[in-house]
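In: sequence unknown, structure follows:
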């Protein structure tokens, strides 16, 4: 997967402070200073208490056709597995649309990759199977997805269908695992107030041969 | 007295405090609790953590799932609501275009400043850290020693609430009994990291953080902090009762609505306001400290950002606590016939010896931590343990290739998914998807460790700031222009950090995601990126070689004090905030004494 996102995830999933303080996770703006201020976006002082939804801060991009393709792709990447629902059921298509529509540098870069890739995917599907990706048979779709998922390199070549798919997969992953449903699926059980913090389960500590020996 | 507007300021105050963060908050607290009438000026807006902190919000409630953007460089929910790496209308510049010579300046234009989002790491400088030149011949000694500051560390720790332990380690001071709060239990990955670190000679101990692991002792502490001052004791006791202990959820960087962690806005400002001695003016950008013919400061001139109008306020004493570099800028912009090169700058040293912390990062994946049973690892919203610098013997012997030490902060665990793609390895050259993706995401979630080194930089002649000759901000005030250079001491240290982290990951049976680099210049974070900006108005023993004296008072102007990190003559690996507060308290005590003696 994309190393940039991989390392971000790794640290972000660690203790909160590392995420908050680690500059690797910070701005997408380069260390060139006195840069032009972003003329758009949600600004530096938006209301943090107000829940928002895609489209609240900037207009969305996807046409109905693009939405359909994105939905099919998203649910191939994160399907309903009987225990937990699929990506589309927690608004992942809206999130990807919000992502490619945002005015920030990372998003503008990803926008081109995603929109070009989506156009290519429909063309390729029509060329080989006579129908757009979303209208193709499940088997035909899977042929294309399997091909896009194959990359001999850790970082797929820029502009390749593999790079497009990698990015879509990462965004769908973000969109899904950051919702309460996705967090539960992943096994995150925090974000609830507790009277005490008791540390890891004793049997786990013992199993790993560790000792909880903090003096106090 | 309370929050006021330019039209309701008093004619004159005992003390004007410029800035409301760690330094301004502490100075205002100490001064007002002892009866001084204080005006605090903040360039950003008012900010109330009790109503503005997104405590339990999940990323799906935020734009872009809360991920970092140029508007919010630490994510949407981060407490910084007034700035970041850029502040609209208030630029700064770098003299060089060389990427290796950039300085990044993080500013929080809001009440409480950067304390609202800081990591709450509250480490004391040790005895060596005040006398580095005596130890290795580099940089500067401070005019004060650990013994001078220790009583103030005690007081600050009791006031703000800090968890940690006494470990008896070299140059890593213990606090007296009864000062610290109990540390939280270590998370599973922290226990594993500690066990394996021992094999490679690295000590891992509870970190000190400004988070309440239990309620503060509101009976015992106030008389210790304010002996003989019944009013102050009563106010502080009442305020301590209103701070809840941590409920083991939510990230501290968002701020804390229940006041379980330290921010100036949750700890310093409320009791200071309760004294009735504090006025606070927000959206007030101080542009000049004017002086009279005798060379004494008369107060400040500030711009009301809401109207653009300019106002003056008088005070007997001016305390500069605007952040190291913003204080430099204010002093350099305060030119007069008496001080043509800027207030307090007869030495020419205002702006010199800007320091940040050396930062380098690394991460790995730990198979032993895969597929763990589900459990809650939110804990105290940040680190529970860390590794203090341990190679003192090698350092003294000069065998490391760099002079100063670093400590290691590291995170493991099952924190809230923060809006980044799940780490799943590519299976046989394939981007995983479908059922396998879900399975792998569950398996690898919580199995990573991320390390950050935090090291000491040595002051050098090529790292400083000055007024840009051309660029002004939207108020017409000249902005800062930065010069920056890491020396070999820092870049070699950064490479050493990364090598250490890679070894540590291997000792944990883990997988390094990449090979560490030997070239420290490629490893080190840009200057300023760790947001430990100090120096620029360093303290010393004589006027020509420093900007302030040992009491943080400017040599040139007897009623101007610098309370922020500007006075640091060195920047130990320890995070600077606790020391900033200790020195601000000490300077405020001195101001009170001098006012009582009629010297101010």
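Out: That came through fine. Everything numeric in this text was worked out from a predicted model, so none of it was measured.
In: alpha carbons only for contacts and neighbour counts from here, please
Out: Fine.
In: how many other residues sit next to residue A:83?
Out: If you count neighbours by other CA atoms under 10 Å in any protein chain shown, residue A:83 ends up with 7.
In: excluding its backbone neighbours, what's nearest residue A:193?
Out: residue B:247 (5.0 Å; CA to CA, 6 or more residues apart in numbering or on different chains).
In: right, and residue B:455 touches residue B:570 too?
Out: No. Between residue B:455 and residue B:570 there is no contact under CA atoms under 8 Å: 11.7 Å.
In: between the two, what contacts are shared?
Out: Shared contacts of residue B:455 and residue B:570 (CA atoms under 8 Å, 6 or more residues apart in numbering or on different chains): none.
In: which strand or helix spans the closest residue to residue B:234 other than its chain neighbours?
Out: Nearest non-adjacent residue to residue B:234, counting by CA to CA, 6+ apart: residue B:222, 7.6 Å away. Assigned by DSSP states H and E, residue B:222 falls within helix B:221-225.
In: so which elements touch the helix or strand hosting residue B:500?
Out: For residue B:500, the element it lies in under DSSP H and E is helix B:488-507. For helix B:488-507, the packing partners by 3 or more CA pairs under 8 Å, 6 or more residues apart in numbering or on different chains; DSSP states H and E come out as helix B:188-199, strand B:358-365, strand B:448-455, strand B:511-512, helix B:520-523.
In: distance of residue A:189 from residue B:443?
Out: 15 Å (CA to CA, to the nearest Å).
In: meant to ask about residue B:44
Out: 45 Å.
In: give me the more crowded residue out of those two.
Out: A direct count of neighbours by other CA under 10 Å for residue B:44 and residue B:443 places residue B:44 higher, at 24 against 19.
In: and the pLDDT for residue 160?
Out: Going with chain A. Residue A:160 carries a pLDDT score of 92 in this model.
In: my question was about chain B
Out: The model reports residue B:160 with a pLDDT of 98.
In: likewise for the one 5 residues further on?
Out: What the model reports as pLDDT for residue B:165 is 96.
In: gap between it and chain A?
Out: Distance from residue B:165 to chain A, counting by CA to the nearest CA, to the nearest Å: 7 Å.
In: up against chain A, what does the stretch 1-150 of chain B have?
Out: Taking CA under 8 Å from any CA of the partner chain as the criterion, the stretch 1-150 of chain B approaches chain A at residues B:52-54, B:56-65, B:68-78, B:81-83, B:86, B:88, B:91-94, B:97, B:99, B:102-104, B:118-119.
In: now with 7 Å, please.
Out: Applying CA under 7 Å from any CA of the partner chain, we find that the stretch 1-150 of chain B lies next to chain A at B:52, B:54, B:56, B:59-65, B:68-74, B:77, B:81-83, B:88, B:91-94, B:102, B:104, B:119.
In: contacting residues for residue A:148?
Out: Contacts for residue A:148 were tallied using CA atoms under 7 Å, 6 or more residues apart in numbering or on different chains; they are A:161-162, A:165.
In: cool, residue B:366 as well?
Out: Contacts of residue B:366 (CA under 7 Å, 6+ apart): B:447-448, B:508-511.
In: then residue B:219?
Out: By CA under 7 Å, 6+ apart, residue B:219 lies in contact with residue B:237.
In: if we can go back for a sec, looking at the contacts of residue A:148, which is nearest residue B:287?
Out: Among the contacts of residue A:148, residue A:165 lies closest to residue B:287 (CA to CA), at 52.6 Å.
In: for the closest one, which non-adjacent residue is closest in space?
Out: residue A:148 (6.0 Å).
In: residue B:541 now?
Out: For residue B:541, ignoring the flanking residues on the chain, the nearest one in space by CA to CA, 6+ apart is residue B:143 at 5.5 Å.
In: what's the helix or strand for the one you found?
Out: Going by DSSP H and E, residue B:143 is not in any helix or strand.
In: mind checking pLDDT for residue A:13?
Out: 40.
In: an error on my part: the question was meant for residue A:25.
Out: Taking residue A:25 on its own, its pLDDT is 30.
In: where do the helices of the stretch 351-500 of chain B begin and end?
Out: Applying DSSP state H, counting those that start in this stretch to the stretch 351-500 of chain B gives helices spanning B:392-397, B:435-444, B:488-507.
In: could you dump those helices to a markdown table with distance to residue A:129?
Out: As requested, the helices of the stretch 351-500 of chain B are arranged in a markdown table below (distance: least, CA to CA, whole Å):
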| stretch | distance to residue A:129 |
| --- | --- |
| helix B:392-397 | 68 |
| helix B:435-444 | 25 |
| helix B:488-507 | 48 |
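In: comparing those by mean pLDDT, which bottoms out?
Out: Lowest mean pLDDT of the helices of the stretch 351-500 of chain B: helix B:435-444, a mean of 92.
In: that one relative to strand B:358-365, how many degrees between them?
Out: 120 degrees (axes from the mean of the first three to the mean of the last three CA atoms, to 10 degrees).
In: can you list the buried residues in helix B:435-444?
Out: Under the neighbour-count criterion of 16 or more other CA atoms under 10 Å in any protein chain shown, helix B:435-444 has B:437-438, B:440-444 buried.
In: worst mean pLDDT across the helices and strands of chain A, which element?
Out: The helix or strand of chain A with the poorest confidence is helix A:16-21; it has a mean of 28 (mean pLDDT, DSSP states H and E).
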